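Asker: what's the 3D shape of this:
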Amino acid sequence: MEQVEDVAIVGAGPAGAYCAYRLARKGIYPIIFDDSHPREKPCGGSISPLAIEKFPFINGIPSKGSISAEFRIISPSGREAIAVGRRKGFNISRRYLDESILKMAIEAGARLANERVIQLRNEGNWRIKTKKHQFAAKTVVGADGVNSIVRKEVIGPIPPKNLGLGYGYIATGCEQEYTTMKFLEGVPGYIWIFPRDNHSSIGIGSELTYGSMLRKLLDDFIKSHYPNIRIISRFAGMLPLVVDHKFFDLPCAGKDWILVGDAAGHVDPISGEGILYALWSGELAAGAIQRSNTKCFDEVWRQQYGNHLRERCKQRATFYNPVMIELLVILASRSKTYSRLFYDISKSEQDYETFFGRDIRELPKTG
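Answerer: Residues are numbered from 1 along each chain as shown. This is a model prediction of the structure:
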């Protein structure tokens, strides 16, 4: 007789693996499908203080590198300032991060099928097909990234206008630098330098429509600022980058499915931070499955962080106004703290600290 899994999770990144871990801790042992994790993802790998304080287990992950409350911001014209936050963040290789969370899930009882899902259909139960095998599951979680096969099946792909592109290098030679963000003239995005333990991620990200410009902008910046670095490897990849706030009205759950992390489009529309929302959505999805009410995921993610993402989307154009960024850097250069600079400039309710969102005191810690 065919074995029907209770829960199948497609994707073993932070969203899928953490969802699996939370489920397994409650006695629900999902099967995770992924033929690529853990691996170095096209990502800066910056972990914000908000993510660290909400998910304290992150502190136990090795090979952090560049633990600091300081970072450098550079305006489009080249004006620089060193900003100092109230709490420290760190930068990490995505291979180490993803490997650690997946290990947690497996040790808790989740199973990893090292196979890529190539087809799934809802025929009473979910029929899941890989190149070698076929499976069945009562509930499926789409944690398979921006090009999610699960999303395409249940509600359709993310519209191109709400996609971004990240391009960059893993390199050595600037590990002693500050974590750096260089904002761009006429392009709503930034170049980053995120030093890690023995290498750095140097990259650039913006909306997909600017994709053809990004490599030259990054290479010109490296040539003028860091001509002696040694490039180890290149990366490029798409990410959700929502510019239309109505995107967040789309459902991320149905009677037997949930979308989490990048597959749901849950990435900060200004900063591009996705790790926080990957973990957060994975946790909330596990809770909905435990209650045998997958549809309630849509209610809880909107309550806990959805309105925040929507407001950040509305603020995106204001934030990336070059005049505003120049003013921001001027104010930062005259202040020892930047915790309220974004509020002063845009009248947003968001704390500017580390460029990532609201005050951690509003949020419950999780284990």
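Asker: List the residues that contact residue 45.
Answerer: Contacts for residue 45 (C-beta atoms under 8 Å, 6 or more residues apart in numbering) come out as 91, 92, 93, 94, 97, 194, 196, 201. Every C-beta, even on glycine, is put in place using the N, C-alpha and C of the backbone.
Asker: how close does it get to residue 86?
Answerer: In this view, residue 45 and residue 86 are 22 Å apart by C-beta to C-beta, to the nearest Å.
Asker: One more: residue 61?
Answerer: Taking C-beta to C-beta, one finds residue 61 at 22 Å from residue 86.
Asker: Pipe the contacts of residue 45 into a markdown table and attach neighbour count, distance to residue 242 and secondary structure per row.
Answerer: Shown next, in a markdown table, are the contacts of residue 45 (neighbours: other C-beta atoms under 10 Å; distance: C-beta to C-beta, whole Å; DSSP: H, G, I helix; E, B strand; the rest coil):
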| residue | neighbour count | distance to residue 242 | secondary structure |
| --- | --- | --- | --- |
| 91 | 23 | 24 | strand |
| 92 | 28 | 25 | coil |
| 93 | 24 | 27 | coil |
| 94 | 21 | 22 | helix |
| 97 | 24 | 23 | helix |
| 194 | 27 | 22 | strand |
| 196 | 22 | 28 | coil |
| 201 | 26 | 23 | strand |
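Asker: now, among the residues you listed, which is nearest to residue 4?
Answerer: Using C-beta to C-beta, residue 97 is the member of the contacts of residue 45 that lies nearest residue 4, at 32.1 Å.
Asker: Could you give the number of residues near residue 68?
Answerer: Neighbour count of residue 68, defined by other C-beta atoms under 10 Å: 15.
Asker: How about residue 255?
Answerer: Residue 255 has 9 neighbours, counted by other C-beta under 10 Å.
Asker: can you pull the pLDDT of it?
Answerer: pLDDT recorded at residue 255 is 96.
Asker: for residue 50, same thing?
Answerer: Note on residue 50: pLDDT of 88.
Asker: Does it touch residue 276 like I think?
Answerer: Yes: Residue 50 is within contact range of residue 276, at 6.1 Å (criterion: C-beta atoms under 8 Å).
Asker: what about the two, which has more around it?
Answerer: residue 276 (25 against 22).
Asker: Wasn't the more buried one part of a helix?
Answerer: Yes: applying DSSP: H, G, I helix; E, B strand; the rest coil, one finds residue 276 inside a helix.
Asker: that older thread, could you dump the contacts of residue 45 to CSV with pLDDT and distance to residue 186?
Answerer: CSV is the format used below for the contacts of residue 45 (pLDDT from 0 to 100; distance: C-beta to C-beta, whole Å):
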residue, pLDDT, distance to residue 186
91, 87, 28
92, 87, 32
93, 86, 32
94, 87, 30
97, 92, 33
194, 91, 24
196, 86, 30
201, 93, 24
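Asker: Would you confirm that residue 84 belongs to a strand?
Answerer: Yes: assessed by three-state DSSP, residue 84 belongs to a strand.
Asker: what's the burial count for it?
Answerer: 16.
Asker: Does it touch residue 73 like I think?
Answerer: No: here residue 84 does not reach residue 73: they are 11.3 Å apart, not a contact under C-beta under 8 Å.
Asker: Going along the chain, name the helices of the stretch 1-150 of the chain.
Answerer: Secondary structure of the stretch 1-150 of the chain (DSSP state H, counting those that start in this stretch): helices located at 14-25, 49-54, 94-108, 149-154.
Asker: need the least confident one among the ones you listed, by mean pLDDT.
Answerer: helix 49-54 has the lowest average pLDDT among the helices of the stretch 1-150 of the chain, namely a mean of 90.
Asker: Enumerate every residue touching residue 141.
Answerer: When contacts are counted by C-beta under 8 Å, 6+ apart, residue 141 is found next to 7-11, 16, 19, 30, 150, 257-260, 285, 289.
Asker: Next one: it relative to residue 278, how far apart?
Answerer: 12 Å.
Asker: picking up where we left off before, so which of the helices of the stretch 1-150 of the chain is nearest residue 296?
Answerer: helix 14-25 (14.8 Å).
Asker: Tell me which of the helices of the stretch 1-150 of the chain sits most buried.
Answerer: Ranked by mean neighbour count, the helices of the stretch 1-150 of the chain are led by helix 14-25 with a mean of 28 (mean count of other C-beta atoms under 10 Å).
Asker: Alpha carbons of that one, as PDB, please.
Answerer: Taking C-alpha atoms only, helix 14-25 is exported to PDB below (Å, rounded to 0.1, in the frame of the first residue of the first chain):
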ATOM      1  CA  PRO A  14      16.100  28.100   6.500                       C
ATOM      2  CA  ALA A  15      12.300  28.400   6.000                       C
ATOM      3  CA  GLY A  16      11.800  24.700   5.200                       C
ATOM      4  CA  ALA A  17      14.300  23.300   7.600                       C
ATOM      5  CA  TYR A  18      13.100  25.400  10.500                       C
ATOM      6  CA  CYS A  19       9.500  24.500   9.800                       C
ATOM      7  CA  ALA A  20      10.600  20.900   9.800                       C
ATOM      8  CA  TYR A  21      12.400  21.300  13.100                       C
ATOM      9  CA  ARG A  22       9.400  22.900  14.800                       C
ATOM     10  CA  LEU A  23       7.100  20.200  13.500                       C
ATOM     11  CA  ALA A  24       9.400  17.400  14.600                       C
ATOM     12  CA  ARG A  25       9.700  18.900  18.000                       C
END
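Asker: could you check the angle helix 94-108 makes with it?
Answerer: 20 degrees (axes from the mean of the first three to the mean of the last three C-alpha atoms, to 10 degrees).
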